[in-house]
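Visitor: need a 3D model of the sequence below.
(2 chains, ligands or ions: 2)
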Amino acid sequence: MSAVAGMTRAEAERAGARNVRRRRWRVVLRHAALIAWVAVIMFPIYWMIATSFKEKHEWVAWPPHWIPHDPTIKNYSQIFAFDVQESGVAREATEQPFNVWGPLVDSLLICTLSALVALLLGTFLAYSISRFNVGGRHFRHAILMIRMVPPIVIAIPLLMYYAIMIPLATETVLGTRILLFDTRLGVSAIYIATTLPFVIWMMLTFIEEVPYTLEHAARMMGAGRMYTLRRVVLPLVASGMVVTFLFVFILNWAEFLLALTLTHPDVVTLPVLLNKFQSASEGRLFGPQAAIGTLITIPVVILGVLIQKHLIKGFSFGTIRK
Amino acid sequence: MAQIVLKEVVKRFGPHVAVKGVNLQVRDGEFLIMVGPSGCGKTTTLNMISGLERPTSGEIVIGGQMVNDLEPGERGLGMVFQDLALFPHLTVYENIAFGLRVKKVPEAELDRRVRAAAEAMHIAPLLAKRPAQCSGGESQRVALARTIVTNPSVFLMDEPLSSLDAKLRVDMRTELKRLHERLKSTFVYVTHDQAEAMTMADRIVVMSRGVVEQIGGPLDIYRKPATQFVAGFFGTPTMNFLSGEIEARDGGLAFASQSLREPLGDALPADLAGRRIVLGVRSEHVEVGRGKTPGRVQLIEPLGNESLVFFEFGGDAPLVAKVDAETRLRPGDNLTFGFNPAGYHVFDAQSGARLN
Ligand SMILES: Nc1ncnc2c1ncn2[C@@H]1O[C@H](COP(=O)(O)OP(=O)(O)OP(=O)(O)O)[C@@H](O)[C@H]1O
Ligand SMILES: [Mg+2]
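Guide: Numbering: from 1, shown residues only, chains lettered A, B, ... in the order given. Ligands and ions are numbered 1, 2, ... in the order given. Take a look at the predicted model:
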């Protein structure tokens, strides 16, 4: 016998309606809370984009201008200016060039290169950890522990190695000085080292999903290890590799502290450039800064959407039946 | 020539010994089936033949050549895996072609051979599909086609039918048998299904806990199981086992337990008197209505052409008998029963070894 036994039909209906009403209220409340939260999260991003279209006098106007009163693309033309010396806007704002092209190229090159190298190394490492138990049973957990060290702790010691020890050591041993400080190579190297644990960790989950018997089958047919990797394993984890690449790319794209410490003045990544917008005469240049902030955010949003799409494919393959 | 010989093959996984000294000769062209309960070391044994596992000790000889150190791909074997192991990202065509591509077979010949193999397994219309788009039975055929296309002299199969439904499994048995007759290659086939072993095998290897219990033809194994384990493993319903003792009586030997006393005939040597034994009798050798021992029916299982009667008689466990489908019995009925002495299997209670 159910709990509603003994109720008349009308009573039951009323109870049902009450339930529906209560459920609707819960949905409304939940959505209200979520919308409020989204507003809190998204407002700074809106403010950044709005500021990037504001004239100088609007940047810090009081009361605040919620939307630009006379929108301008001056900020963008300033950061995208090809010839800084001749461009009037640049001189007007400050004597220093805040041109985005150099840093954009630096950031793109460094992030792409280091993500690719980390992906390559990490995939093979993950494969050997998965299949040959390289490093023993707890290695895969130990790898992530590297990430528990805050970058600030290693930044200064690294600077010493980059600026002094490595050039000195290579000069004595190899005869040529290998410069890591303030070079794209140097920044890429540290990015590879810091993201490798993530790559290994992520690729491990993908590779472990490839059943051993697929490799056994290939081996039975005479395929060598590399052939099997190329024709069987890598195609099956390709989606996972895309996700991992994008994830690592974003990490590097937004990295600030190490880039700041290990470069100056030649190599400038976008987050470091972002930090340079203060001039003694004019105060902070909020407009161009917001324009660059917007510029940096765009690829992150695009990649985020891409990751979401691939993540679903990446984790389930959609093709392997267990 | 594709004779396979295993000499004292042992496989350890850490402290666990999975295969404990297996000696085995697979004859050229025979259909050999390894059967045993889960975890008894069948897959491990097969993988040592294939080369996917290295034996801890012992020798594996294929076609007169010691192959312990040979890579799997160099042994000239073909293997069908339990989960089929089709490459999900390749089409059926590319799956079948995989082995030929590894061996760099010229494109024209490759195409001809792939199509011939697909034709032989009746999957020609599937060539452009992916494995995920094939049904269980079709995938099975793709896996077989992928194996036959390289013309191996030996086929190794690890429970290839276990993922199929009952009806399809029975159909595939016939098909495999036909394939074996057509190719005349050596088949080494692993299963835990005794019915599969009985219907397909030329010879059966029964394994239990890493050791070979018995090797023989299906009928030998059914009629003269070498151990109590083998006797219990083969045949449905499971053989009846009665524990008791051998008694000398009236110049002959008899089986005696608390509730039963049955003469054993003269098949046993006389010095066994006093030995603790297990008497095995298959259901078809339990004769209801013949003898004089009373029993009470617990359960009837009609099979169509005959019925199984489970009845209790005062022993440790109920007995099962096969009776004519027309026999009118109901749970709770009383009956009398006896045994056909021709169907006695006498096993040592301790070692389980056959005594008669
Ligand atoms: N790679 C391994 N590492 C450790 N132990 C293993 C390994 N492979 C198998 N074993 C153990 O060896 C024993 C035999 O395993 P095997 O796979 O040969 O059994 P099987 O007879 O094929 O069983 P099933 O019918 O379930 O497939 C099992 O107890 C198993 O746990
Ligand atoms: Mg197995």
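Visitor: check what pLDDT residue 146 gets.
Guide: I went with chain A, as the question did not name one. Per-residue confidence (pLDDT) for residue A:146: 78.
Visitor: ah, no, chain B please
Guide: pLDDT at residue B:146 comes out at 95.
Visitor: just the element for it, please.
Guide: Using DSSP states H and E, residue B:146 sits within helix B:136-148.
Visitor: who does the strand ranked longest in chain B pair with, and is each partner parallel or antiparallel?
Guide: Taking DSSP state E as the criterion, chain B has its longest strand at strand B:286-302. Looking at strand B:286-302 with DSSP bridges, its partner strands are strand B:306-312 (antiparallel), strand B:334-339 (antiparallel).
Visitor: could I get these as JSON lines with mean neighbour count and distance to residue B:85?
Guide: Heads up, the C-betas are built off the backbone N, CA and C, glycines and all. Formatted as JSON lines, those follow (neighbours: other CB atoms under 10 Å in any protein chain shown; distance: least, CB to CB, whole Å):
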{"stretch": "strand B:306-312", "mean neighbour count": "18", "distance to residue B:85": "39"}
{"stretch": "strand B:334-339", "mean neighbour count": "17", "distance to residue B:85": "48"}
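Visitor: where among the ones you listed is the average confidence lowest?
Guide: When the strands paired with strand B:286-302 are compared on mean pLDDT, strand B:334-339 scores lowest, with a mean of 87.
Visitor: touching it from outside, list them.
Guide: Residues from elsewhere that reach strand B:334-339 (CB atoms under 8 Å, 6 or more residues apart in numbering or on different chains): B:262, B:281, B:285-297, B:309, B:311, B:313, B:319, B:321, B:329.
Visitor: try it again with 7 Å
Guide: By CB atoms under 7 Å, 6 or more residues apart in numbering or on different chains, the surrounding residues in contact with strand B:334-339 are B:262, B:281, B:285-297, B:311, B:321, B:329.
Visitor: for stretch A:131-149, same thing?
Guide: For stretch A:131-149, contacts defined as CB under 7 Å, 6+ apart pick out A:128-129, A:197, A:200-201, A:204.
Visitor: about what we covered before: buried among the contacts of strand B:334-339? Make that a PyMOL selection.
Guide: To isolate the buried members of those in PyMOL, using 16 or more other CB atoms under 10 Å in any protein chain shown:
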select buried, chain B and resi 262+281+285+286+287+288+291+293+295+297+311+321+329
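Visitor: mind listing what's buried in the helix or strand encompassing residue A:114?
Guide: Here residue A:114, judged by DSSP H and E, is contained in helix A:101-132. Residues A:103-104, A:106-107, A:110-111, A:113-115, A:117-119, A:122-123, A:125-127, A:129-131 are the ones in helix A:101-132 that count as buried (16+ other CB under 10 Å).
Visitor: next secondary structure after it?
Guide: Sequence-wise, the next helix or strand downstream of helix A:101-132 (DSSP H and E) is helix A:139-145.
Visitor: does the helix or strand following that following helix pack against any helices or strands, and if so which?
Guide: Per DSSP H and E, the first helix or strand lying C-terminal to helix A:139-145 is helix A:151-160. Helix A:151-160 sits against helix A:257-262, with contacts defined as 3 or more CB pairs under 7 Å, 6 or more residues apart in numbering or on different chains; DSSP states H and E.
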